[in-house]
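A.B. asks: Here is a sequence with its predicted model. Questions after.
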Amino acid sequence: MNQEILEKEILKYFSFSKSEIDEIYNKFTLIKLKKGSFFNEKDTYLGIVIDGCLKFFYDKDHEIDVIIDFQMSGQWTGDLESFLKKEKSKFMIQALCDTTVLAISQEDYTELENKSLKLKQLSVKITESIFLKTFERLISRMSNTAEENYRMLKKEKKQILHLIKKTDLAAYLKVNLFTLYKIIHHTD
């Protein structure tokens, strides 16, 4: 199943032989996170969520979590900027339940890129995809009302909504708890 999720993702862009897919897969590491633990705590990785749910956020002055996204099975995760610049991540990525991520280190990513033009093009496509999806989500969140964002989250990520604490959901929507409960009541 782990290889199938990765295979599905990379075959969106190019066709690869079984041996090429195996070579790519072998550069990835399966990381199992317990609820509450952090991805990218020690090393910089990009990964695909295999199962579970992650909260991707910025801890502003250790007071307020600025929540960027909630990531679930089949979605790429990681701080793309820090990954590409080989820097410590500015963001925190926390497991909201026991979560499995198929991850690749920056070194292995670069090694794959340097093997062939096709693999270099794949890395560019994956990087573009992560960037564009993140950008689209942020533009959508900024241009929608909190209620519209809740409806979209409920539609796209219904299977993980029960894992998200109400305080995190309110922070994600940029509303207080009272307003969140009104939105939930109004949309259910």
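C.D. replies: Cool, got the structure. Predicted model only: the values in this text are computed from it and were never measured. Residues are numbered from 1 along each chain as shown.
A.B. asks: Just the mean pLDDT for the helix or strand hosting residue 56, thanks.
C.D. replies: Here residue 56 is covered by strand 53-60, with elements defined by DSSP states H and E. The average pLDDT within strand 53-60 is 87.
A.B. asks: Sheet-wise, list the partners of the next helix-or-strand element following that strand with their directions.
C.D. replies: Downstream of strand 53-60, the first helix or strand assigned by DSSP H and E is strand 64-72. Paired strands of strand 64-72, with direction, are strand 53-60 (antiparallel) (DSSP bridges).
A.B. asks: contacting residues around the partner strand?
C.D. replies: 33, 39, 65-72, 77, 90-97, 99, 101, 160, 163-164, 168 (Cβ atoms under 8 Å, 6 or more residues apart in numbering). C-beta here means a position set from N, CA and C on the backbone, and glycine is covered the same way.
A.B. asks: What remains of those residues if I keep only buried residues?
C.D. replies: Listed as buried from the contacts of strand 53-60 are 33, 39, 65, 67-72, 77, 91-96, 99, 101, 160, 163-164, 168; burial here means 16 or more other Cβ atoms under 10 Å.
A.B. asks: Would you verify that residue 6 is located in a helix?
C.D. replies: Yes: secondary structure of residue 6 (DSSP: H, G, I helix; E, B strand; the rest coil): part of a helix.
A.B. asks: per-residue pLDDT, it?
C.D. replies: So, for residue 6, pLDDT stands at 89.
A.B. asks: Please apply the same query to residue 63.
C.D. replies: pLDDT, residue 63: 66.
A.B. asks: Now do residue 12 against residue 100, distance only.
C.D. replies: 21 Å (Cβ to Cβ, to the nearest Å).
A.B. asks: for residue 130, same thing?
C.D. replies: Relative to residue 100, and taking Cβ to Cβ, residue 130 is found at 19 Å.
A.B. asks: same check, this time on residue 184
C.D. replies: 29 Å.
A.B. asks: Which one's more surrounded, those two?
C.D. replies: Neighbour totals were compared for residue 184 and residue 100, and residue 100 leads with 19 against 15 (other Cβ atoms under 10 Å).
A.B. asks: Can you name the residues that contact that one?
C.D. replies: 2, 30, 31, 32, 33, 49, 50, 51, 52.
A.B. asks: swap in residue 166?
C.D. replies: Taking Cβ under 8 Å, 6+ apart as the definition, contacts of residue 166 comprise 177, 180, 181.
A.B. asks: Would you mind listing which of those are buried?
C.D. replies: By 16+ other Cβ under 10 Å, these give residue 180 as buried.
A.B. asks: re earlier: can you pull the buried residues of the strand holding residue 56?
C.D. replies: For strand 53-60, by 16+ other Cβ under 10 Å, it's 53, 54, 55, 56, 57.
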